[in-house]
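In: Dropping a prediction and its sequence here:
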Amino acid sequence: MSAMITLDNVCKKYGDFIALKQTSFEIRKGEFLTLLGPSGSGKTTILNLTAGSASPTTGRILLGGRNVTNEPARDRNIGMVFQNYALMPHMTVFENVAYPLLIRRLPSKEIKAKVYDVLERVGLKGFESRKPRQLSGGQQQRVGIARCIVYSPKIILMDEPLGALDKNMRDQMQEEIKRLHKELGTTIIYVTHDQEEALNLSDTVCLMNHGSVVQIGRPQELYYAPKHQFVAEFIGESNILEATPTGTEGLLRTGDEVLIRLPAPPVGGGPFKILIRPEKLRPVGPDTAAAGQANVVRGAVEFVSFFGGMTRLTLRRANGSLFHAKRISDQGAADAKPGDPVAFSWAESDMVLLKS
Ligand code: ADP
Ligand code: MG
């Protein structure tokens, strides 16, 4: 498979400050890659370097195998979609979308046909003569997307495009972006700090922190096989226990005497960090929770959060730490109340050993 975008040992400094540490990765043709990470982790820096609005301090950038490191932005033919839409307020929807084609000096008949086609694609047929201020946030972002796809760029960069929208509109627009990506087959780099958005949209998620890539992989890989505590905590909810080997093979113990039996004994002396996802916990009765049982935590219900289809239960353990359990809501079942004693168990195969 051919690489559409290559970052080859790219580093970006502003004075002494390193915005992006030495980074290398490849994005396949047609791939949807999301840069996910907290604010300031270097996501927009990667977009700027790819687009050519910033140049790397060291390293090379290749598009379709061609070294464009020293090529200006206008020669890269990359489409951009921004969080603040960046529409021209005095122009109509039609004029905004037609603008990139006017610059490219296409004949007016062709411009008209292309603009009408993309407006239909993004669900804005009939809105041609409106001004941006006469549109909702979601509609304005559809204009932003239409203006980007109208000239069929091979690469589209999107920087938190749904950041200004409310949750329902974000969910709807995520589905539209997925559909457009499937229809157009364009290579996309998408930036967000919203982990659910990243998991839902992407072929590949690249998790960033402090100017470095922490882990890059399929959404399922980052969720089920996080390599580090940062990944486990940034993506999804997590329970993390720290434990050391007991001397019995495969059996570990936490500081507060929770026994852990791993499917295979870990290499080294520990302490080891072990991740258990909240949805993997099963409530167990007092017998199973008796002392000496492995893979059980006990505590008192701290609070119960009902989210409709899902209920989240937080338990406080004797050592004061919190543990989270999630389950599908059950209308008939009596809900646990704060203060109730509870115990939860999990399967050996549901544990993930973290590196750090
Ligand atoms: P993100 O998009 O992940 O929030 P950015 O890539 O925009 O983060 O920024 C990464 C870091 O680089 C931040 O600490 C930011 O303050 C810094 N930075 C970005 N652009 C500049 C610049 N032009 N001058 C100095 N520092 C910058
Ligand atoms: Mg940013």
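Out: Arrived safely, thanks for sending. Ligands and ions are numbered 1, 2, ... in the order given.
In: Next, count neighbours for residue 178.
Out: Using other CB atoms under 10 Å, residue 178 has 14 other residues around it. Placement of C-beta: from N, CA and C, glycine included.
In: Which residue ranges of the stretch 101-250 of the chain form strands?
Out: 155-159, 187-192, 204-209, 212-217, 239-245 (DSSP state E, counting those that start in this stretch).
In: got the angle between the fourth one and strand 204-209?
Out: Direction vectors for strand 212-217 and strand 204-209, defined by axes from the mean of the first three to the mean of the last three CA atoms, to 10 degrees, enclose an angle of 160 degrees.
In: circling back: next, format the strands of the stretch 101-250 of the chain as a markdown table and append mean pLDDT and distance to ligand 1.
Out: Formatted as a markdown table, these follow (pLDDT from 0 to 100; distance: least, CB to the nearest ligand atom, whole Å):
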| stretch | mean pLDDT | distance to ligand 1 |
| --- | --- | --- |
| strand 155-159 | 96 | 7 |
| strand 187-192 | 97 | 6 |
| strand 204-209 | 98 | 6 |
| strand 212-217 | 97 | 11 |
| strand 239-245 | 95 | 25 |
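In: how about those strands, which one is nearest residue 2?
Out: strand 187-192 (10.5 Å; CB to CB).
In: what does the closest one rub up against?
Out: Contact with strand 187-192 is made by 4-5, 27-36, 43-44, 46-47, 50, 154-163, 177, 181, 198, 201-202, as judged by CB atoms under 8 Å, 6 or more residues apart in numbering.
In: how does it look with 7 Å?
Out: Under the criterion CB atoms under 7 Å, 6 or more residues apart in numbering, residues 4-5, 27, 29-36, 43-44, 47, 50, 154-160, 181, 198, 201 lie in contact with strand 187-192.
In: Quick check on these: which are buried?
Out: For the contacts of strand 187-192, burial is judged from neighbour counts taken by 16 or more other CB atoms under 10 Å, and it is met by 4-5, 27, 30-36, 43-44, 47, 50, 154-160, 181, 198, 201.
In: State the pLDDT value of residue 256.
Out: Note on residue 256: pLDDT of 86.
In: Hmm, residue 319 and it touching each other?
Out: Yes. Counting by CB atoms under 7 Å, residue 256 touches residue 319, with 4.2 Å between them.
In: Domain map for this protein?
Out: 3-232, 237-354 (automatic domain parsing).
In: Quick check: which of the ones you listed is buried the most?
Out: Highest mean neighbour count among the domains of the chain (mean count of other CB atoms under 10 Å): domain 3-232, with a mean of 18.
In: quick one: low-confidence parts of the stretch 101-250 of the chain?
Out: Within the stretch 101-250 of the chain, the set of residues satisfying pLDDT under 70 is empty.
In: now the helices for it?
Out: 108-121, 137-149, 167-184, 195-201, 219-224, 229-234 (DSSP state H, counting those that start in this stretch).
In: Outside of the last one itself, list whatever touches it.
Out: The one in question is helix 229-234. 195, 207, 209, 214-215, 222, 226, 238, 240, 273, 275, 354, 356.
In: Would you mind writing the CA trace of that helix as PDB?
Out: What follows is helix 229-234, C-alpha atoms only, in PDB (Å, rounded to 0.1, in the frame of the first residue of the first chain):
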ATOM      1  CA  GLN A 229      -1.200   4.300  31.500                       C
ATOM      2  CA  PHE A 230      -1.700   7.600  29.600                       C
ATOM      3  CA  VAL A 231      -3.400   5.700  26.700                       C
ATOM      4  CA  ALA A 232      -5.600   3.700  29.100                       C
ATOM      5  CA  GLU A 233      -6.700   6.800  30.900                       C
ATOM      6  CA  PHE A 234      -7.100   9.100  27.900                       C
END
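In: can you start the count at 41 instead of 1 from here on
Out: New numbering, starting at 41: the last item is helix 269-274.
In: And ligand 1, is it touching that?
Out: No. Helix 269-274 does not reach ligand 1 (CB under 6 Å from any ligand atom); its nearest approach is 12.8 Å.
In: Give me the distance from that helix to the chain's centre.
Out: Chain-centre distance of helix 269-274: 12 Å, with CA atoms, centre = their mean, to the nearest Å.
In: still on that earlier bit, and the helices of the stretch 141-290 of the chain: which comes nearest residue 115?
Out: helix 177-189 (17.4 Å).
In: Provide the secondary structure category for residue 47.
Out: Classification of residue 47 using DSSP: H, G, I helix; E, B strand; the rest coil returns strand.
In: wait, what's in contact with it?
Out: By CB under 7 Å, 6+ apart, the neighbours of residue 47 are 63-65, 99, 101.
In: Please flag which of those residues sit within strands.
Out: Among the contacts of residue 47, the ones falling in strands (DSSP state E) are 63-65, 99, 101.
In: could I get the residues you listed as a markdown table with pLDDT and distance to ligand 1?
Out: Compiled in a markdown table, those are given as follows (pLDDT from 0 to 100; distance: CB to the nearest ligand atom, whole Å):
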| residue | pLDDT | distance to ligand 1 |
| --- | --- | --- |
| 63 | 97 | 12 |
| 64 | 97 | 17 |
| 65 | 95 | 16 |
| 99 | 98 | 16 |
| 101 | 97 | 15 |
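In: Does residue 97 touch residue 52 like I think?
Out: Yes. Assessed by CB under 7 Å, residue 97 is found in contact with residue 52 at 5.5 Å.
In: so which helix or strand takes in the residue nearest to residue 367 when sequence neighbours are not counted?
Out: Once flanking residues are discounted, residue 367 sits nearest to residue 351: 5.9 Å by CB to CB, 6 or more residues apart in numbering. Using DSSP states H and E, residue 351 falls within strand 350-356.
In: same deal with residue 136?
Out: Using DSSP H and E, residue 136 falls in helix 133-143.
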